[in-house]
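**Q** give me a model of this one.
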Amino acid sequence: MTNNVPEAASTLVSMAELDIKLQESSCTHLLGFMRATVKFWHKILKDRLTSDFEEILAQLHWPFIAPPQSQTVGLSRPATAPEIYSNLETLFCQLLKLQTSYLCWS
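**A** Numbers count the residues shown, from 1 in each chain. Next up is the predicted model:
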């Protein structure tokens, strides 16, 4: 597919939508191939995004068990905190998109 995860997630959503549109087709082999392809790439992307998400959570020292003021001290460099939160938001959105595409065809 691609090494660009956001692009791959968008492509997977498009493939899942195409799979739904093809459900009316009598082309059983095409339907089977499309479903298998979507499931294959869904698993790969899910594993990749989950790994990246867990890495970000570890950088944030998740789960938070102390008051919010002491959490920012735990980050190695305060300058990286906005970048970490930005990455967290991006990964969350990609996982949500992936979940939505999965719900469409499961």
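**Q** by mean pLDDT, flag the weakest helix or strand of this protein.
**A** Every helix and strand of the chain was ranked by mean pLDDT, DSSP states H and E. The lowest is helix 68-74, at a mean of 56.
**Q** just checking, next helix/strand downstream of that one?
**A** Per DSSP states H and E, helix 68-74 leads on to helix 81-105 as the next helix or strand towards the C-terminus.
**Q** check which helices and strands that next one is in contact with.
**A** Helix 81-105 sits against helix 5-21, helix 28-59, with contacts defined as 3 or more Cβ pairs under 8 Å, 6 or more residues apart in numbering; DSSP states H and E. Where C-beta positions appear, they are placed from N, C-alpha and C, glycine not excepted.
**Q** next, the buried residues of the first one.
**A** It refers to helix 5-21. Of the residues in helix 5-21, 5, 8, 9, 11, 12, 13, 15, 16, 19 count as buried by neighbour count, 16 or more other Cβ atoms under 10 Å.
**Q** for that helix, name the packing helices and strands.
**A** helix 28-59, helix 81-105.
**Q** where in the chain is pLDDT low?
**A** By pLDDT under 70, the low-scoring segments of the chain are 1-2, 68-79, 101-106.
**Q** centroid-nearest residue for it?
**A** By Cα atoms, centre = their mean, the chain has its centre lying nearest to residue 95, at 2.7 Å.
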